[in-house]
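Chemist: predicted model, plus sequence, below.
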Amino acid sequence: MNRFYRSMLFIPGNNPGMIQNASVFDADALIFDLEDAVSIDEKDAARVLVSMALETFDFKPSVCIVRVNPLDTVWGREDVLQIGKYHPDIILVPKADPEAIGTCHALLQDIEKENDFKPESIRIIALIESAYGVECATEIIKGSSRVDGILLGGEDFTADMQIRRTPEGRELFYARTRLATLCRAYGLQFIDTPYTDVNDLEGLTFDVREAVSLGATGKAAINPRQLEAIHRGFEPMESDVHWAAEVVATWQQAKEEGKGVFALHGKMVDAPVFARAEKILKQVEAVRGEELINHVE
Amino acid sequence: MIIQNPSCAGAMESNDILIMLHPSEDGVQIQLESKVKKQFGRRIESVIKTTLEQAGVTSTVVIARDKGALDYTIKARVITAVNRSLGGGSYE
Amino acid sequence: MLNSIGRILPDYVEGYGTVRPFMGAYENLTKVERKGVSALSNTCGGNKVREDLAELIGEIDIKDGMTLSFHHHLRNGDKVLNMVLKLIGGMGIKNLTIAASSLFPVHEPLVQWMKAGVVTQIVSNYISGPVAQAISTGELARPAIMHTHGGRARAIESGDLDIDIAFIAAPAADAYGNINGVQGPAACGSLGYAVSDAEYARTVVAVTDTLVPYPAQRVAISQEYVDYVVVVDSIGDPTGIVSGTTQITRNPIGLKIASQAVDVIEAAGYLKEGISFQTGAGGVSLAVAHFLKQKMLSKGVIGSFASGGITGYLVDMYEQGLFRALMDVQCFDLEAIRSFKENEGHQSMSASKYGNPHNKGAVVDQLDVMIMGATEIDLDFNVNVTTGSHGLIMGGSGGHSDTAAGSKLSIVVTQLIKVRNPIVRERVTTVTTPGETIDVVVTERGIAVNPKREKLREQLVDAGIRLVEIEDLKNMAYELTGEPEDLELDDRVVAVVEYRNGTVIDVVRMV
């Protein structure tokens, strides 16, 4: 089971000022972007700059992802080959389809062999941004054992569908639901598309709530100012955490007394309820990095 | 290796550096302009020199216009400029 | 000799005199003397108005070695200083001292008078632009004296700074010398920095482009101090009066710093009824006001006052009822000027009332929280806002040292690195404000508390604020930038930095 990232912050790959400060915003993951954020005649420069950045900084506490150019372009393969040497945690494959994932997998395999990296230590997230991608998402996931999750690219997807993107996001309902379900089925993370109006924090909060309710495990961000709302949205509410802690504590006590079912505040707690409570605490642990479940056994 | 084709990389923007390579046969010469030249001039020049050495460049005139780039950026811009020169093309 | 913060000072500086070393921010005189003013009474026989500046300058008999003073309320739009020097410059007068509360790029013509020996000394609280550059490179015959805003008022009142003629740019004046800052095309609001000059100079000249009928309203400087009223076409360019930096930063790093600063204010227990607050006009400082406003609104906290240079942002907070008063030494933008005209609680204060350590109580001493910037800060928390890391003068204390000393909680907000320069560093180029008056430094990569504030440190830790040591900040910065080389400076002293009590905290050497 891989770690879940509440937030993934896009950082333009040819902007030294933003790259060197990327770690100060406490994003769970950073996406250094060699694709859309970089103009055609700076693709080579951005590739080198991000390579040098990966060599120099560890960007902790954030995890490092690099979005390469599409693998069917002249830059895409070169991106993977160059960047791979500096061992990013994850490659984000744009315009993902089964072929692109297969290509990326093979390239990474060679890099890992050549550089003595642990096999499959460089992971893949598939950026699905077409109708075709949504429909063959199962094959995309199965295309490589490195795939840790899917990121939905809402702008390109709606363009491909020839439909309008709206602030409410009803047009994304199917893609979100399908990809979230699929990711849940395979134990992967599903990261929701970024909210494009960086000045509308209220709209973002609504959009995060929508993504959470449909089963997303995280959301991409295009501006550090969006991170707070995203983190808030993907963290369980304080009241839930409180409830879960109480359930787990009482459960352990009940177990010592040999009881399998008990009541808490008048409501029955059985195995599935306990499992849900434990899951909430684990989620918080993963995010906060502190131990909440007291394993006394 | 001697730089045959003029090339450049980087930009005159904050935290970046513009590196221009010119053909020359008199070894590596560096002309540095920087707001932080007094505090970091020697270090910037040494990063440029070392990166060129590692890329196998023995002769070029480097014109560097620095706007506060950190070492990793200086290194990246020098490598890109060398690559571009080797690619035959200069875009200036 | 060494002063109490370990800066090496000469015992005597040619053109300045014997150096009294800084021995601590709160080392205080029990008794101070104010100087007596020898002035002619009612010099001009009832008619104070002169239609021609040149005629007036002939009449007041300016001599070699005199001290002329100016205020900086018109900032980079000021025309009065250049106008006066243009007339005097050609008269063969030498060795003038220009005591201008601040100097801006617009005052470039002053450089030519420095080179010609017409002006041989400058006394100011903040200098930027060509004049600063020229002083740094040795164009001024005697060392400049850099004051704080409160320190300048102190120096004038004690006689340390003896003003022969004060030229007061007056947005509006009546024929008998009552001046206000709220009328006319160059209206600038408060005239706080000109008050001591008017009270203590031997001769006071109001220079105005707007003559109003007697008696003028909203009088800031009163007729009993004013000898002459000169009418000119224009005293200032309104577009230059407004400060360039009165926008909240959009830089996410600045916003992170600002929001953390507000967390510190809250954790230190100051986010409560009656809070008094001051912040500079820089982008990050304003963002602190923005986040503080949100917290005050959500918690229902009403503050007592906000002070200092006033911006539209503080006006907005005042008008929303978040502060009961604004204490205004200078208006930074048009909103502040409008509010100063309209709002009763928006009061003017003189520089002496604002920050003079030797009067009977300054506003800074009533201040809870001060948010301030830094060009550099060292491991002892000493702050430089006078010179850049290249050694050139590019500012000065202004109210920095005064508010740091007076406020209960002084917070420096700064990025850890700017243009490759580590802001937190082993040693600052020049000390402006002593570390003993700085409590907290907030950067995007960590927050450090002055080790002298043990109780504050505990409070912040208890409230869940993650702290690092100032050495950690320095190390983080150096890891990114590398260790800066030491500057090679000339021995010649080009400026003496006086702390607010008149002792010397540091000197600036020629670049």
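Modeler: Thanks, I have it. Please read these numbers as outputs of a predicted model, since none were measured by experiment.

Chemist: ok, and the closest non-adjacent residue to residue 20?
Modeler: In the absence of a named chain, chain A is used. What sits nearest to A:Gln20 in space, not counting adjacent residues and going by Cβ to Cβ, 6 or more residues apart in numbering or on different chains, is B:Leu70, at 5.8 Å. Using the backbone N, CA and C atoms, a C-beta is placed for each residue, glycine as well.

Chemist: wrong one, chain C
Modeler: Excluding the flanking residues, the one nearest C:Arg20 by Cβ to Cβ, 6+ apart is C:Thr503, at 4.8 Å.

Chemist: just checking, that neighbour touches C:Thr18?
Modeler: No - the criterion here is Cβ atoms under 8 Å, and C:Thr503 misses it with C:Thr18 at 11.5 Å.

Chemist: between those two, who's got more neighbours?
Modeler: C:Thr503 (19 against 9; other Cβ atoms under 10 Å in any protein chain shown).

Chemist: contact partners for the more buried one?
Modeler: By Cβ atoms under 8 Å, 6 or more residues apart in numbering or on different chains, the residues touching C:Thr503 are C:3, C:20-23, C:27.

Chemist: change it to 10 Å
Modeler: The contact partners of C:Thr503, by Cβ atoms under 10 Å, 6 or more residues apart in numbering or on different chains, come to C:3-4, C:9, C:19-25, C:27, C:151.

Chemist: for it, give its distance to chain B.
Modeler: Look at C:Thr503 and chain B: by Cβ to the nearest Cβ, to the nearest Å, they are 29 Å apart.

Chemist: what's the neighbour count on the residue lying closest to C:Glu469 once chain neighbours are set aside?
Modeler: Closest residue to C:Glu469 apart from its sequence neighbours, by Cβ to Cβ, 6+ apart: C:Ala448 at 6.1 Å. Applying other Cβ under 10 Å, we find 23 residues neighbouring C:Ala448.

Chemist: pLDDT at C:Ala448, what is it?
Modeler: With respect to pLDDT, C:Ala448 has a value of 98.

Chemist: and the host helix or strand of it, which residues are buried?
Modeler: Element membership for C:Ala448 (DSSP states H and E) is strand C:446-449. Within strand C:446-449, the residues that count as buried by 16 or more other Cβ atoms under 10 Å in any protein chain shown are C:446-449.

Chemist: now do it: distance to the chain's middle.
Modeler: 26 Å (Cα atoms, centre = their mean, to the nearest Å).

Chemist: confidence-wise, which helix or strand of chain C is lowest on average?
Modeler: Least confident helix or strand, chain C: helix C:238-241 with a mean of 85, by mean pLDDT, DSSP states H and E.

Chemist: tell me which element C:Leu56 is part of?
Modeler: Using DSSP H and E, C:Leu56 falls in helix C:53-59.

Chemist: other SSEs contacting that helix?
Modeler: Secondary-structure packing of helix C:53-59 (3 or more Cβ pairs under 10 Å, 6 or more residues apart in numbering or on different chains; DSSP states H and E): strand C:49-50, helix C:80-89, strand C:165-170, strand C:203-208, strand C:228-231.

Chemist: what's the first helix or strand after it?
Modeler: Note on helix C:53-59: by DSSP H and E, the next helix or strand toward the C-terminus is strand C:67-70.

Chemist: now that next one: average pLDDT?
Modeler: Regarding strand C:67-70, the rounded mean pLDDT is 98.

Chemist: likewise for stretch C:114-123?
Modeler: Confidence for stretch C:114-123, expressed as mean pLDDT, is 97.

Chemist: identify each buried residue in stretch C:468-482, please.
Modeler: So for stretch C:468-482, counting by 16+ other Cβ under 10 Å, buried means C:468, C:470, C:473-474, C:476-478, C:480-482.

Chemist: check stretch C:356-364 too.
Modeler: Across stretch C:356-364, burial judged by 16+ other Cβ under 10 Å covers C:356-359, C:362-364.

Chemist: and if you look at stretch C:450-461?
Modeler: Buried residues in stretch C:450-461, defined by neighbour count with 16+ other Cβ under 10 Å: C:450, C:453, C:456-457, C:459-460.

Chemist: can you pick out the most distant pair from the residues you listed?
Modeler: Greatest spatial distance in the buried residues of stretch C:450-461: C:Asn450 and C:Gln459, 13.2 Å, computed using Cβ to Cβ.

Chemist: before we move on, what's the pLDDT of the residue nearest to A:Gln20?
Modeler: 98.

Chemist: in this structure B:Gln29 contacts B:Thr60, no?
Modeler: Yes - taking contacts as Cβ atoms under 10 Å, B:Gln29 lies within contact range of B:Thr60: 7.7 Å.

Chemist: re the thing from before, contacts only, for the residue nearest to C:Glu469.
Modeler: C:Ala448 makes contact with C:377, C:379, C:381, C:412, C:424, C:440-442, C:457, C:467-474 under the criterion Cβ under 10 Å, 6+ apart.

Chemist: how much space between it and C:Leu416?
Modeler: C:Ala448 sits 11 Å away from C:Leu416, taking Cβ to Cβ, to the nearest Å as the criterion.

Chemist: quick check: neighbours shared by these two?
Modeler: Joint contacts of C:Ala448 and C:Leu416 (Cβ under 10 Å, 6+ apart) are C:424, C:441, C:473-474.

Chemist: ok, so of these, who is nearest A:Asp200?
Modeler: Using Cβ to Cβ, the shared contacts of C:Ala448 and C:Leu416 come closest to A:Asp200 at C:Val441, 33.3 Å.

Chemist: you'd agree that closest one is in a strand?
Modeler: Yes - membership of C:Val441 in a strand is supported by DSSP: H, G, I helix; E, B strand; the rest coil.

Chemist: that one contacts C:Asn382, correct?
Modeler: No - contact criterion Cβ under 10 Å: C:Val441 and C:Asn382 do not qualify, at 11.4 Å.

Chemist: where do the contact lists of those two overlap?
Modeler: C:Ala374.
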